[in-house]
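>>> Got a sequence here, can you build the structure:
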Amino acid sequence: SDEEALNAIIAIRVGRGDVRNVKTFGEAQLPDMAEALDAMDQLVIAGDGLGGDPAALSAVRRWILGGGRAWILLDRVSPHVVERLLGESFACGNVDRVGLTDIAFEPADRDAAAFGTPPRQFEQPVDLVRVIPQNVRVRYRMNGWPAAFEQPFGRGRLLFTTLGPRAWYRPRTPADPHNTDPRRTSSQVALGPLEFLAAEFLSPKVSPAADPSVFAPYLAERIGYEVVDRRVVIAVLAGFCVVLGAAGLWLRGRGRSELMRWLGPAAAVAAALVLVAAGYAGRQAAPDTAAVGQFVHVLPGSSDFVLSGLAALYHREGSSGTIGSDGGGVAFPDLQGLEGGTGRMLWTDYGRWRWQNLTLPPGVRTATMYDAGSLPSPVEFRATFGPSGLEGRISAEGLDDLSEAIVVTPHHGAVAVHIDESGRFTARPADLLAPGQYVASTLLSDEQRRRQTVYQRLLSAAGNGRADEDDESSGRTRTTAPVAGGVVRDRPLLLAFARPLDAGLEFPDATRRVGAALVLVPAEIDRTPAGTSVAVPAPFVTYRAGPRPGEISYSPAYDNGRHRWNEFTGPKETWLRFQVPPEVLPLKLERARIIIKISGPSRRLELVGLAGRRARSLAVRSEPLGTLSFDIDRPEVLALDEGGGFSLGVFVGDETMRPDDADLREGVVRNWQIESLRASIHGTTLPRPTTESEH
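Predicted coordinates:
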């Protein structure tokens, strides 16, 4: 019923070459389940209808948390409805509402400036709701006030506009391109700022939190019969040896030692038969099992969660029982090999469904599962940098037995987190995990080994990091979301294993249920008070390669886009600028530890610092191999620049080194590569300078 809002969304769809299909919802028409909203690509909220439908409001909230995109028109939606939808995540103060006849968009960054539009005048004023938002990314302003801003919400994204829709489009003129297909035409044309905002908003709902198949090896080891107990094996082998020895002595005493040639094999066959019988009995005794592996995404400060995962169902003799739910979770079995059947999924009420006429053959059958729900209380994971490292408290009622917890960052690895019974946790610089290691134990139990495999598959090296790519066509830098195994990360993320949540799923004939849940919570790091001694673990200290002081070009040894080191044969000089986390700035940096893992036979490694604009050698290693540590405490080298960073040079090889004669004869080329480089820092926070606006 809102013609202006409808014109805006149709204009941007048509402008992108899409059909003008837009579904409008009236009162009491929105579905009550988040799963039912998955049929939509985006959702535009341009009224207060959600405020009178708590079930639909909850469904929309969980849909956005799970990766949905929503555009909220604040000039049409009351603040209390937005607060009910987003909870404490919506930190925005309303000032007033004004009418504007002169419209001139003010880009808030370089990317937005590329999609400007000339000033316009309106006879009928366009409403502007003047607000003061917090923790958002402003893209356009109007008379200094935010006109459009973005905010992440769980795995989803929110676009807010405070300026009425009429200001974002104009009437189509004869000079505009005309499409003869009526499904791809509109009487309105989206202006540049609306096209820019739509480029990200019109992306479809992102995929689930992580690929459920990550849990496949974990579940395979949790399902099936148990091997014969080692005590049984030892007893059988010991009995075999005792019988064989006693029989040998007895036959020797009677002068019949030649019978051992028959008795030995017979005893071996008997022992083997006992072990085979024990193994068969164990296999037959394996109960029908349902093993589940869950990814649980939680928004800090919220009790809502989004769950995705994999269930593995084991039946010795097959099953014709009914898979279903009375609690809201959804499961879709793998139907490969069951073609020709008439199974169907029947919904009888909200959160109540059953698979009918579905017969599972003997063996293991997997099923993907999804759910959205609420924990007993909001999850809180707040931290600050302190003397021991990252410190804080986690409150996660309903998430039981948290263990193997780590914090991962977009670029530079993981650090182990130690959580005590009260919920307090620490992550020290010494808890830095080696590349590819995610469980902080020297000797791993079977369960820890399985969890390590899940972490490795989830946090694979491919795509692990935030890539800043140069767009040659526009001369701009576009930032792609960091993706590792399907997990989108734009800030530190807590991962911890816990007891599986009850998704209300019923699996047929499953007399034993096992599994685990992997909880993912974005970390909320607060600013450290002035005068505090802080230790910052290496994953929180980012770096980028840059030019040598006074030059323009820089070494390609480190790839800033992919956040990885390249392999080379000759000498290279690489300068890195390390960025201190903003939560501890301003900071008096007192010492830093650089940890380098390098494979560089017949090379020379030198670490160089900057004192002003002059280079100072800090350490030298000949033929570096393995993991090396360098402690730096020279104040002139550790002085932070205006942006809160410091620079170091890494020199590998030198001009005088040549391959030896044996290498030349055999054609050997000795490559070198820095496999990883990380820096942890220690210092004392300083008082923040008071600005004139703060006065």
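
>>> residue boundaries of the helices in the stretch 151-300 of the chain?
192-201, 216-222, 230-253, 260-285 (DSSP state H, counting those that start in this stretch).

>>> Which parts of the second one count as buried, going by neighbours?
Using 16 or more other CB atoms under 10 Å as the burial criterion, the residues of helix 216-222 that qualify are A216, Y218, L219, R222. In short, each C-beta sits where N, CA and C put it, glycine included.

>>> Rebuild these as TSV, extending it with distance to S302 and pLDDT.
Formatted as TSV, the buried residues of helix 216-222 follow (distance: CB to CB, whole Å; pLDDT from 0 to 100):
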residue	distance to S302	pLDDT
A216	30	92
Y218	27	93
L219	29	92
R222	30	86
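
>>> Let me know the closest of those residues to P378.
Taking CB to CB as the measure, P378 sits nearest to Y218 out of those, at 28.8 Å.

>>> Pull the contacting residues for G337.
Counting by CB atoms under 8 Å, 6 or more residues apart in numbering, G337 makes contact with P361.

>>> mind checking which helix or strand it is in?
Under DSSP states H and E, no helix or strand contains G337.

>>> Need phi/psi at it.
phi 90, psi -10 (degrees, to the nearest 10).

>>> now R141
Note on R141: backbone dihedrals following degrees, to the nearest 10 are phi -120, psi 160.

>>> Likewise for Y455?
Dihedral angles (degrees, to the nearest 10) for Y455: phi -60, psi -40.

>>> before we move on, back to that, dump the helices of the stretch 151-300 of the chain to a markdown table, plus distance to A291.
Shown next, in a markdown table, are the helices of the stretch 151-300 of the chain (distance: least, CB to CB, whole Å):
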| stretch | distance to A291 |
| --- | --- |
| helix 192-201 | 38 |
| helix 216-222 | 4 |
| helix 230-253 | 23 |
| helix 260-285 | 17 |
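
>>> Tell me the secondary structure at I12.
Under DSSP: H, G, I helix; E, B strand; the rest coil, the three-state class of I12 is helix.

>>> State the distance from it to V189.
Using CB to CB, to the nearest Å, I12 is found at 10 Å from V189.

>>> Those two - which one has more neighbours?
Neighbours were counted for I12 and for V189 using other CB atoms under 10 Å; I12 has more, 25 against 18.

>>> and the more buried one, what is it in contact with?
I12 is in contact with A190, L194, E195, A198, L202, counting by CB under 8 Å, 6+ apart.

>>> do A367 as well
L310, A311, A312, L313, I323, A331, F332, P333, D334.

>>> and N179, how many neighbours?
11.

>>> no wait, V407
For V407, the neighbour count with other CB under 10 Å is 27.

>>> surely it meets E524?
No. The pair V407 and E524 does not pass the contact test of CB atoms under 8 Å, sitting 11.8 Å apart.

>>> Phi first, then psi, for G645.
Dihedral pair for G645: phi -140, psi 170, per degrees, to the nearest 10.

>>> what's the burial count for it?
When counting by other CB under 10 Å, one arrives at 19 neighbours for G645.

>>> Please give me every residue in contact with it.
By CB under 8 Å, 6+ apart, the contact set of G645 is R577, F578, Q579, V580.

>>> ok, now E551?
Contacts for E551 (CB under 8 Å, 6+ apart) come out as none.

>>> Can I take it that it is in a strand?
No. Counting by three-state DSSP, one finds E551 to be coil, located in no strand.

>>> how close does it get to T161?
44 Å.

>>> How about E447?
Counting by CB to CB, the gap from E447 to T161 is 49 Å.

>>> Would you indicate which residues of stretch 622-633 are buried?
P624, L628, F630, I632.

>>> can I get those residues in JSON lines with pLDDT and secondary structure?
Output for the buried residues of stretch 622-633, formatted as JSON lines (pLDDT from 0 to 100; DSSP: H, G, I helix; E, B strand; the rest coil):
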{"residue": "P624", "pLDDT": "81", "secondary structure": "coil"}
{"residue": "L628", "pLDDT": "91", "secondary structure": "strand"}
{"residue": "F630", "pLDDT": "94", "secondary structure": "strand"}
{"residue": "I632", "pLDDT": "95", "secondary structure": "strand"}
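
>>> quick check, nearest of these to P547?
I632 (21.5 Å).

>>> Go ahead and confirm that closest one touches L589.
No. Using CB under 8 Å, I632 makes no contact with L589, being 9.5 Å away.

>>> Quick check: neighbours shared by these two?
The contact sets of I632 and L589 overlap at L638 (CB under 8 Å, 6+ apart).

>>> where along the stretch 251-400 of the chain do the strands fall?
289-298, 304-315, 324-325, 330-333, 344-349, 352-356, 363-374, 380-386, 389-395 (DSSP state E, counting those that start in this stretch).

>>> okay, those strands in a markdown table with distance to T185 and mean pLDDT next?
Formatted as a markdown table, the strands of the stretch 251-400 of the chain follow (distance: least, CB to CB, whole Å; pLDDT from 0 to 100):
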| stretch | distance to T185 | mean pLDDT |
| --- | --- | --- |
| strand 289-298 | 40 | 91 |
| strand 304-315 | 38 | 88 |
| strand 324-325 | 45 | 89 |
| strand 330-333 | 39 | 89 |
| strand 344-349 | 38 | 84 |
| strand 352-356 | 41 | 88 |
| strand 363-374 | 38 | 87 |
| strand 380-386 | 49 | 92 |
| strand 389-395 | 54 | 93 |
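
>>> L402: which of the ones you listed is closest?
Nearest of these (CB to CB): strand 389-395, 7.6 Å.

>>> what's the closest one packed up against?
strand 380-386, strand 424-427, strand 533-536 (3 or more CB pairs under 8 Å, 6 or more residues apart in numbering; DSSP states H and E).

>>> That one pairs with which strands, and in what direction?
As defined by DSSP bridges, the strand partners of strand 389-395 come to strand 380-386 (antiparallel), strand 424-427 (antiparallel).

>>> now for those strands, which one comes closest to P79?
Judged by CB to CB, the one of the strands paired with strand 389-395 that comes nearest to P79 is strand 380-386, at 24.4 Å.

>>> Which helix or strand in the protein has the lowest average pLDDT?
When the helices and strands of the chain are scored by mean pLDDT, DSSP states H and E, strand 476-480 comes last with a mean of 33.

>>> Please name the nearest non-neighbouring residue to R365.
Counting by CB to CB, 6 or more residues apart in numbering, R365 lies nearest to L313, which is 5.0 Å off, once chain neighbours are set aside.

>>> quick one on the thing from earlier: relative to P571, which of the contacts of G645 is nearest.
Using CB to CB, R577 comes nearest to P571 of those, at 21.2 Å.

>>> Would you check that the closest one makes contact with P549?
No. Under the criterion of CB under 8 Å, R577 is not in contact with P549, lying 10.8 Å apart.

>>> Since that was my last question, I'll sign off now.
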